[in-house]
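*Asks:* need the 3D shape of this:
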Amino acid sequence: PREPVVGPGGHASLAEAIASAKPGQTIHVKPGTYRGSAVITGSVTIQGDGPRGSVILESDSGPVLTLSGNARVSGLTIRFTGSSQTDAVRITGGSPTIRECTVTSTAAATAPTWSACIAVDGGSPAVTGNNLSGSRGMGFLARGGSPKVSGNTFKANAIYGAWYTDGAGGTFEDNTVTGSGKSGIGIKGGANPTISNNTISNNTENGIFVYQGGKGTIRGNTLSGNGWSGIQAGLGGTAVLVADNRITDNRKHGIHAHGSGSSAVLGANTLSGNAGENEKAENGGQLIRR
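*Replies:* I've put the predicted structure just below:
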C-alpha cells in the first residue's frame, strides 16, 4: 500500500495519517506547520521530508507527541507553544526512538512533576541527536524507565538541562549541556543513570548535582566553567563512582560533597583551575577513594 503523507496531496494532520497507517509504514511529513497533538503507540515511523526546520509540529494544549511501542520519529521541529504544564514530547513506555529533531517548549514547570522538551515516564527509548532548548523546565526529564540518551544538545533550559528522578536509570552519553538555569544535570529520588563522555559547561549552578537520594555513575565527562562546582553530591545524594572526568575552571570546587549522608566514590580524575578546592568535603559530606 502507498505510504501516508502529511501535507499537500495527503492528510491534513499527523493524527489523521496515523489513523490510516499500517504497522511498519513510514508517514512522510512535508514542509509546513501542522497543529495539534498525536499519539503513536505502534511500529509506525514519522519522517520529516525536508530540512528539519521546515517541518513543524506544534500544539498549545497537551503533548505534541505521545510515544510508546516501537514508534520512530525523526527530522522534525516539535514545539509546544502553550502555557499549561505538560511535555512537548512524552514517552510513556515501550522502546520508541526520537532522533534528529529540534524540540522546544513554553510549558509551565512546577514541582513535583515539572515539564520538559522530552520526558520519559517508562520504557527504554532512544533519544539521539536532538536539540532540546528553551524549556521553562528541563530539556530532558526521566521520571522512570531506562532511556538511552546520546548525541543531543541541551541549551538554555530554565532549570536543568537533564533531570533524573523516581528511580530512573539508563545512559546519558556524548551529549552537550550548557546554559541551564540551575545545574546541567540533576539526579534525585533513587535515580541511578550512567553519565559518560558528555561536555557539561557554563551552567548557572553545578555541572552535575546528585541529591535527595539520587545516585549515578559519572565517567569520562568534561565539566568546565560552571557557576558552582563541576560535580556536587548534596542533600543526601550518593555518587556511586566519579572517575576519568576532566573537571576544570569551575567557579567553586571541582568535586564537592556537602552535608550528612552525601558522598562520592572517587577514581582518578583530572582537576585544575577550579576557583575553590579541587576536592572538597564539608558538613558531614564524604569523598571516598576507590
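*Asks:* which stretches in the stretch 1-150 of the chain count as helices?
*Replies:* Ranges of helices within the stretch 1-150 of the chain are 14-20, based on DSSP state H, counting those that start in this stretch.
*Asks:* now what about stretch 57-65, what contacts it?
*Replies:* Applying CB atoms under 8 Å, 6 or more residues apart in numbering, the external contacts of stretch 57-65 come out as 14, 29, 33-40, 73, 76-82, 84, 86-90, 98. C-beta here means a position set from N, CA and C on the backbone, and glycine is covered the same way.
*Asks:* from these, which ones fall inside strands?
*Replies:* Counting by DSSP state E, the contacts of stretch 57-65 place 29, 33-35, 38-40, 73, 77-80, 89-90, 98 in strands.
*Asks:* quick one: low-confidence ranges for the protein?
*Replies:* Scanning the chain with the threshold set as pLDDT under 70 gives 1.
*Asks:* how much space between M138 and N130?
*Replies:* Counting by CB to CB, to the nearest Å, the gap from M138 to N130 is 14 Å.
*Asks:* separation between A108 and G285?
*Replies:* Applying CB to CB to A108 and G285 gives a distance of 34 Å.
*Asks:* more neighbours: the two, which one.
*Replies:* G285 (22 against 14; other CB atoms under 10 Å).
*Asks:* apart from its chain neighbours, what residue comes closest to that one?
*Replies:* Nearest residue to G285, sequence neighbours excluded (CB to CB, 6 or more residues apart in numbering): A257, at 3.2 Å.
*Asks:* name the helices or strands packed onto the helix or strand hosting that neighbour?
*Replies:* Counting by DSSP states H and E, the element that carries A257 is strand 255-258. Packing partners of strand 255-258 (3 or more CB pairs under 8 Å, 6 or more residues apart in numbering; DSSP states H and E): strand 231-234, strand 263-266, strand 279-282, strand 286-289.
*Asks:* name the residues of the third one that are buried.
*Replies:* This points to strand 279-282. Neighbour counts using 16 or more other CB atoms under 10 Å place 279-281 of strand 279-282 among the buried residues.
*Asks:* equivalent analysis for the second one, please.
*Replies:* Under the neighbour-count criterion of 16+ other CB under 10 Å, strand 263-266 has 263-266 buried.
*Asks:* one more: the last one?
*Replies:* Applying a neighbour-count criterion of 16+ other CB under 10 Å, one finds L287 buried in strand 286-289.
*Asks:* may I have it exported as CSV, CA atoms only?
*Replies:* Once non-C-alpha atoms are left out, strand 286-289 reads as follows in CSV (Å, rounded to 0.1, in the frame of the first residue of the first chain):
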residue,chain,number,x,y,z
GLN,A,286,32.3,12.3,52.3
LEU,A,287,34.7,11.8,49.4
ILE,A,288,35.8,8.2,49.3
ARG,A,289,38.8,6.9,47.4
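*Asks:* the residue nearest the centre of the chain: what's it in contact with?
*Replies:* Geometric centre of the chain, nearest residue: F140, 2.4 Å, by CA atoms, centre = their mean. By CB under 8 Å, 6+ apart, the contact set of F140 is 116-120, 127, 132, 149, 152, 154, 161-163.
*Asks:* in CSV: the residues you listed, plus distance to G230 and neighbour count.
*Replies:* Formatted as CSV, those follow (distance: CB to CB, whole Å; neighbours: other CB atoms under 10 Å):
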residue, distance to G230, neighbour count
A116, 24, 32
C117, 25, 31
I118, 25, 31
A119, 26, 26
V120, 26, 29
V127, 24, 29
L132, 22, 31
V149, 20, 27
N152, 20, 29
F154, 17, 29
G161, 14, 33
A162, 16, 32
W163, 18, 29
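*Asks:* out of these, who's nearest S68?
*Replies:* Lowest distance from S68 to the contacts of F140 (CB to CB) belongs to V120, with 10.7 Å.
*Asks:* I91 is in contact with the closest one, correct?
*Replies:* Yes. Checked against CB atoms under 8 Å, the pair V120 and I91 is within contact range at 4.7 Å.
*Asks:* can you pull the residues that touch both of the two?
*Replies:* Joint contacts of V120 and I91 (CB under 8 Å, 6+ apart) are 145, 147.
*Asks:* OK, contacts around the closest residue in space to G24 that isn't next to it in sequence?
*Replies:* Sequence neighbours aside, S43 is the residue nearest to G24 in space, at 5.5 Å (criterion: CB to CB, 6+ apart). By CB under 8 Å, 6+ apart, the residues touching S43 are 23-24, 69-71.
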